[in-house]
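In: please work out how this folds:
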Amino acid sequence: MIEFSPDDLKQLESKGISKEKVLNQIETFKSGIPFVQLKKAATVSDGILLFSEKEQEELVRYFEDSRESLDLLKFVPASGAASRMFKAMFNFLDSYNPSKEKLKDYFNRTGDNAVQKFLDDRENLPFFQLIQERISGKTESLDEEAYLFVKEMLSETGLNYGFYPKGLLPFHQYDSDLATPFEEHLKEASHYSSTDGKANLHFTISVQHEDMFESEHEKAAPKVSGTTGTEFTVTYSNQKPSTDTIAVDLENQPFRKGDGSILFRPGGHGALIENLNEQDADVIFIKNIDNVMIDENLEAVCDSKKVLAGVLLQVQAKAFSYAKLLEEEVSEEKLEEIKEFLEKDLNVRFQNDFNTMDNSEKQNMIGNRLNRPIRICGMVKNEGEPGGGPFWIVSQEGTVSLQIVESAQVDLSNPEQEALLKNSTHFNPVDLVCGVRNYKGEKYNLLDYVDHKQGFITGKTQEGKELKALELPGLWNGGMAYWNTIFVEVPLVTFNPVKTVNDLLKPTHQA
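Out: Model prediction:
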């Protein structure tokens, strides 16, 4: 039995977390989270749509013809810090001393290819000139210059890029002008999520970076407005303390810090379902902060987004007309027609006992499956990137559905499951277009469509002690498990994430 002290209860109250919620999380640690059961990978013609050039043009036109009457919003998870991008560079600063060792000897000793590539190609970084000007005349050898370049980039007395949020680092260089992901997202928004010359964006950010984002907004928005004729309204939110999850020790007791307080940890990007739930628009575009492209590829990427939005609007129009019909009792033939639409267009699968139900039960079941948020998810061909992908899965209740599944959710000790994961043809680039309102224009409560059994338990250490941490179901994994889902193949050019600083050296980030 878990006993909470008065101080514990005060701590819970200050975070907005109920005692019951904590106890439920502890039970989750005790019982564990079952692996997702993969049935098969989604493929083109079996869960993934692939449109011809002509069909894409028609979908873009459908969206363009509809957009002026719609509330559009771009939602960008942007709380990620850049520190992970520079992990290899921080290690380099800790382990290399230019006064004691030549750089080539260091590379021979460590085999550090990432740092070697970074230093060899650093002239192609968008911030190369900025750093060079700051360190000019301060070094006596090329080795020392290379070391000082990295130090100036990361140290608190230098540019301090390791502290930055990813969204505010210089990613692209256009002549003498540097552009951040924040600015690039504004450019994108002007193309596909604007109505009547106005675009709305929402960024989820960390509290410590709020002033930095506001400052970048003041600088970037007028610049992009000047070139696109678009007026931007940008709002922000933070991951809520109430979505933090308790950490436990190896005996599943609350993990306590040195001061006796309970350790809570951020719940992962799945916590952002609450931030998304507070947004309200006809169409919400979701894309990660670090997945941006240079101007040369902007049109292709934005057209791809319009294709996804066209798919959403077309299928939604049909779903809404059927939902309205279901307000009254409908014939068996009409129910069969709607069921066929759900199966063919929205990838809904019904359990075997559906056919034994009477008409009233069938209508309730069909209405329940029809009246849900809809997500159209772009999928790129699998190029070996780590991460999630599109699969048909079987729930513990036996229901089959289309889901985005992360490798951590799969039992890799099971050869069949591992083979299904490894041989999947497509990859999730986090490229979503969402419909979150019903046919009456009322917003769904997105928290009703989360599969809480799709979280993650991971091992961590704190103050030298082992602990178990709980991540909430991922935003586009279990966080949207009970949405109606359509997967669409999108071009590889739409996927240009920057996971390490060396990704900025790729041709797709060279303006």
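
In: please name the nearest non-neighbouring residue to residue 221.
Out: Spatially, and ignoring its direct neighbours in sequence, residue 221 is nearest to residue 232 (4.9 Å; CB to CB, 6 or more residues apart in numbering). Where you see a C-beta, it was placed from the backbone N, CA and C, and this is true even at glycine.

In: now residue 225, nearest residue through space, not along the chain?
Out: residue 231 (6.1 Å).

In: tell me the spacing between that neighbour and residue 310.
Out: Distance, residue 231 to residue 310, by CB to CB, to the nearest Å: 25 Å.

In: neighbours of residue 222, how many?
Out: Using other CB atoms under 10 Å, residue 222 has 10 neighbouring residues.

In: what of the one 5 residues further on?
Out: Other residues within reach of residue 227 by the criterion other CB under 10 Å amount to 10.

In: OK, contacts around residue 262?
Out: Applying CB atoms under 8 Å, 6 or more residues apart in numbering to residue 262 gives the contacts 8, 11, 246, 247, 254, 255, 256.

In: rewinding a little: kindly give the local confidence score, pLDDT, for the residue nearest to residue 221.
Out: Looking at residue 232, its pLDDT is 97.

In: ok so it is a strand residue?
Out: Yes - Residue 232: assigned to a strand according to DSSP: H, G, I helix; E, B strand; the rest coil.

In: hey, what's it bridged with?
Out: residue 199 (DSSP bridges).

In: just checking, it touches residue 197?
Out: No - between residue 232 and residue 197 there is no contact under CB atoms under 8 Å: 10.3 Å.

In: looking at these two, which is more packed in?
Out: Counted by other CB under 10 Å, residue 232 and residue 197 do not tie: residue 232 has more neighbours, with 21 against 11.

In: list the contacts for the residue lying closest to residue 407 once chain neighbours are set aside?
Out: In this structure, residue 407 finds its nearest non-sequential neighbour in residue 421, 6.1 Å apart by CB to CB, 6+ apart. Applying CB under 8 Å, 6+ apart, we find residue 421 in contact with 38, 389, 405, 407, 410, 412.

In: picking up where we left off before, which of residue 231 and residue 310 has more neighbours?
Out: residue 310 (26 against 14).

In: doesn't residue 63 make contact with the more buried one?
Out: Yes - with contacts counted by CB under 8 Å, residue 310 reaches residue 63, the gap being 4.1 Å.

In: residue 2 and residue 246, how far apart?
Out: 10 Å.

In: residue 457 bridge partners, please.
Out: Beta-bridge partners, per DSSP bridges, of residue 457: residue 470.

In: count the residues that sit near it.
Out: Residue 457: 15 surrounding residues under other CB under 10 Å.

In: I'd guessed it sits against residue 30; true?
Out: No - with contact defined as CB under 8 Å, residue 457 and residue 30 do not form a contacting pair (10.5 Å).

In: shaky segments in this protein?
Out: 385-387 (pLDDT under 70).

In: list the buried residues of the strand or helix carrying residue 392.
Out: Following DSSP states H and E, one finds residue 392 within strand 389-394. The neighbour-count check on strand 389-394 (16 or more other CB atoms under 10 Å) flags 389, 390, 391, 392, 393 as buried.

In: might one say that the last one is in contact with residue 37?
Out: To tie it back to what came earlier, the one meant is residue 393. Yes - in this structure, residue 393 is within contact of residue 37 by CB under 8 Å, at 5.9 Å.

In: give me the next element, helix or strand, following the host helix or strand of the residue nearest to residue 407.
Out: Using DSSP H and E, residue 421 sits in helix 415-422. Counting by DSSP H and E, the next helix or strand C-terminal to helix 415-422 is strand 426-427.

In: ok, whichever helix or strand comes after that next one: who's next to it in the sheet?
Out: Reading on from strand 426-427 to the C-terminus, the next helix or strand found by DSSP H and E is strand 431-435. Strand 431-435 sits in its sheet next to strand 283-287 (antiparallel), strand 374-381 (antiparallel), going by DSSP bridges.
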